[in-house]
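> need the 3D shape of this:
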Amino acid sequence: MDTSNYHLYYPERYNTLNWLPTTLKEVKAKGWEELDVILFSGDAYIDHPSFGAAVVARVLEKIGLRVALVPQPNWQDDLRDFKKLGEPRLFFGVTAGNMDSMINHYTANKRIRSSDAYSIGNKAGFRPDRAVSVYSRILRDLYPESIIVAGGIEASLRRLTHYDYWDDKLLPSILASAPLDYILYGMADKILPDFVSGVKKKDISFLRSIPQLAYITDSSSEIQAISEVETITLSSYESCLADKKAFAHNFTIIEENSNSIKADRLVQQNLSKYIVINPPAPLNSPEGLDQLYSLPYTRLPHPKYWKKPLIPAYEMIRFSINIHRGCFGGCSFCTISAHQGKFIENRSENSIITEINQVTGMPGFKGYLSDLGGPSANMYKMEGVDLKICDTCTRPSCIHPGICYNLNTNHQPLIELYRKVRKIKGIKKAFIGSGIRYDLFLRKQTHEHPSHKAYPEEIIKHHVSGRLKVAPEHTHDHVLKLMRKPSFSYFEKFYVLFKKIDKANGGKQQLIPYFISSHPGCKMEDMAELAVKTKEMNYRLQQVQELTPTPMTLSAVMYYTGIDPYTVTKLHTTQNSDDKKDQNRFFFWHKREEQAQIRRLLHKLNRKDLLNLLLPGHSVQHKRR
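Residues are numbered from 1 along each chain as shown. Predicted coordinates for the structure are as follows:
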């Protein structure tokens, strides 16, 4: 990997003081004698609004705190990284980074990854397994009286009893297993000022009332007091261990309250203590989100990396723009509903355009935005027609099993934004790198709009880099229903539409579908039929993966319990590693080295009809042998 490119990012005008300090020398250079907050992150330090630790640090800085950020501290030596800045006046913050450390470290078949996109040179080994727990235990041993707060995806997804795929068992809340005082779950930037105020005042009662905060207590009298007001008591950790249905039912309550405007407080006994999850905070207004993106990010890696190999995760987003947060898709395998929630928080056009103008002046920018999107690229400014209905809605998804009659899927504001971006001086092309939901403009719905036809023409003509990503995930409707994805027929419609529009514009662009194997409900035969159907569409699939049952997702609950939590019906689950490999190999029917095994599997299934379609002539050869 080229190690010299970062020199382009650091001309002399860049001053180390523009970043949050990471060392004692940098703290002294700012003239500080004491720190208010010290953050520890499993990622390299990228001062960019796509990186959670940087956002939290900048928000704390904005409210007047002296903040330091220690990226990827060494947990295996004499712990000097944890000691070098001393003890902060207010609290320590810990995060595994933008990814869960276990997903970062292990493949779906639990093999150790050799790479880490959030580290220099894509090199693994800069963060521990279960980073939040490791960092917090070290800090508790060194500073027993300090407040330790966790945030980010890893802590959020483990805030209550959860299935852990890597240990293959239920684990208690991370608050019960790690020495944490609080979790600020989800996108917690909006509650930071109140949290800091409570810590400064040492007002425990106020702190424990803050929305989007989780804490642990051993006081049964406190639990009794709060249980009298809008509180749901979940089945305990011990009850979940004894009864999978209790765990499954808990999930339905947790998911609904993670995606409700007017959610209840949740309480669960874990071991001898109680976990309290306060309801999510009110949604950010466009003004609030604009303020977040207007903070003085350098948008660059810290200068400590300037002579180091490139950081792939940064290279991917360096020239990208995030236009909204949240996703109302509610896909079963996705963590967004548990972390960001289903409601869309939008930035204003002015904020987005201001950031794009900043990007055009960045070193190395050549006129191409790599992405203008969000968790799903085409949900910008979409919301309920009657917001009062949304206030009482508990549906985990606004578009499954059908598009909500109250959802306005007008794509016109997004089309207008695209057109304004194309006119910005210095922009040659703004690509849509994040996936789009084609069902939002192809599916029949209550609020039809002319933009449903205009949007695909707009993106295919102006915003595709040669490849447009979409995620049908499977071809079988019974599997897609469990995934909370639309029928494959919508992908087939979009495939035809894409080819038609692309051809009319003289292009040779590709539509790239993503698929998942071994999802609950998916059998070997389903994967064989997926292979046949995609072969008929002339696909030799590349963007595929085996399901990783991630904590606090519906897919993980179905995988562990073998039931659909909402209907309590039994499901087929593939848990044997050899069976998972066999499901996955159907993606690669076109590879010679996989074909003998595929023939064996199809003969075992007595599906010679599929064998003739997938590998014509091979069934005859099998008989001769």
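> ok, Asp582 to Asp36 distance?
Using C-beta to C-beta, to the nearest Å, we find Asp582 at a distance of 55 Å from Asp36. C-beta here means a position set from N, CA and C on the backbone, and glycine is covered the same way.
> and if you look at Pro303?
As judged by C-beta to C-beta, Pro303 and Asp36 stand 23 Å apart.
> count the residues that sit near the residue lying closest to Asn257 once chain neighbours are set aside.
Of all residues not flanking Asn257 in the chain, Ala263 sits nearest, at 4.1 Å (C-beta to C-beta, 6 or more residues apart in numbering). Per other C-beta atoms under 10 Å, the neighbour tally for Ala263 reads 20.
> over to the one 4 residues further on?
Counted with other C-beta under 10 Å, the burial measure for Val267 works out to 20 neighbours.
> just list the residues touching the closest residue to it other than its chain neighbours, thanks.
The shortest distance from Val267 to any non-neighbouring residue, by C-beta to C-beta, 6+ apart, is to Thr233 (5.1 Å). Neighbouring residues of Thr233 by C-beta atoms under 8 Å, 6 or more residues apart in numbering: 227, 267-268.
> for Ser219, same thing?
Shown in contact with Ser219 (C-beta under 8 Å, 6+ apart): Tyr274.
> ok, Phe498 touching Glu457?
No. Assessed by C-beta atoms under 8 Å, Phe498 is found out of contact with Glu457, at 10.4 Å.
> so for those two, which sits in the more crowded spot?
Ranked by neighbour count (other C-beta under 10 Å), Phe498 and Glu457 place Phe498 first, with 21 against 15.
> buried ones in the helix or strand containing the more buried one?
Assessed by DSSP states H and E, Phe498 sits inside helix 488-504. Neighbour-count burial for helix 488-504 flags 488, 490-491, 494-495, 497-498, 501-502 (criterion: 16 or more other C-beta atoms under 10 Å).
> what's the first helix or strand after it?
strand 510-517.
> check which residues of that next one are buried.
511-513, 515-517.
> just checking, what packs against it?
On a contact count with 3 or more C-beta pairs under 8 Å, 6 or more residues apart in numbering; DSSP states H and E, strand 510-517 meets strand 467-473, helix 488-504, helix 524-536, strand 544-546, helix 577-585.
> right, and Gln595 touches Gly617 too?
No. With contact defined as C-beta under 8 Å, Gln595 does not reach Gly617; the gap is 11.1 Å.
> looking at the two, which one has more neighbours?
Gln595 (16 against 9).
> how deep is the closest residue to the more buried one other than its chain neighbours tucked in, by neighbour count?
Closest residue to Gln595 in three dimensions, ignoring its sequence neighbours and counting by C-beta to C-beta, 6+ apart: Leu615, at 5.9 Å. Neighbour count of Leu615, defined by other C-beta under 10 Å: 20.
> let me see the contact set for Leu615.
589, 595, 598-599.
> how near is it to Leu442?
In this view, Leu615 and Leu442 are 32 Å apart by C-beta to C-beta.
> also Gly326?
From Gly326 to Leu442 the distance is 22 Å (C-beta to C-beta).
> the strands in the stretch 1-150 of the chain, which residues?
Taking DSSP state E, counting those that start in this stretch to define them, one finds strands in the stretch 1-150 of the chain at 37-41, 46-47, 67-71, 91-95, 148-151.
> quick one, which of these gets closest to Asp203.
Closest approach to Asp203 among the strands of the stretch 1-150 of the chain (C-beta to C-beta): strand 91-95, 13.9 Å.
> so what touches that closest one?
For strand 91-95, using C-beta under 8 Å, 6+ apart, the contacting residues are 37-42, 52-53, 56, 131-132, 135-136, 139, 143, 146-152, 154-155, 180-181, 199.
> Ala68 - how many residues pack around it?
24.
> which strand residues bridge it?
Ile38 (DSSP bridges).
> doesn't Lys25 make contact with it?
No. Applying C-beta under 8 Å, one finds Ala68 not in contact with Lys25, separated by 11.4 Å.
> for Ala214, phi and psi?
phi -120, psi 140 (degrees, to the nearest 10).
> neighbours around it, how many?
By other C-beta under 10 Å, the residues close to Ala214 number 23.
> quick one: it from Ser235, how far?
Taking C-beta to C-beta as the measure, Ala214 and Ser235 are separated by 17 Å.
> ok, back up a step: possible to save the buried residues of strand 510-517 as JSON lines with pLDDT and distance to Met379?
Shown next, in JSON lines, are the buried residues of strand 510-517 (pLDDT from 0 to 100; distance: C-beta to C-beta, whole Å):
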{"residue": "Leu511", "pLDDT": "95", "distance to Met379": "20"}
{"residue": "Ile512", "pLDDT": "94", "distance to Met379": "20"}
{"residue": "Pro513", "pLDDT": "95", "distance to Met379": "20"}
{"residue": "Phe515", "pLDDT": "97", "distance to Met379": "22"}
{"residue": "Ile516", "pLDDT": "97", "distance to Met379": "21"}
{"residue": "Ser517", "pLDDT": "97", "distance to Met379": "27"}
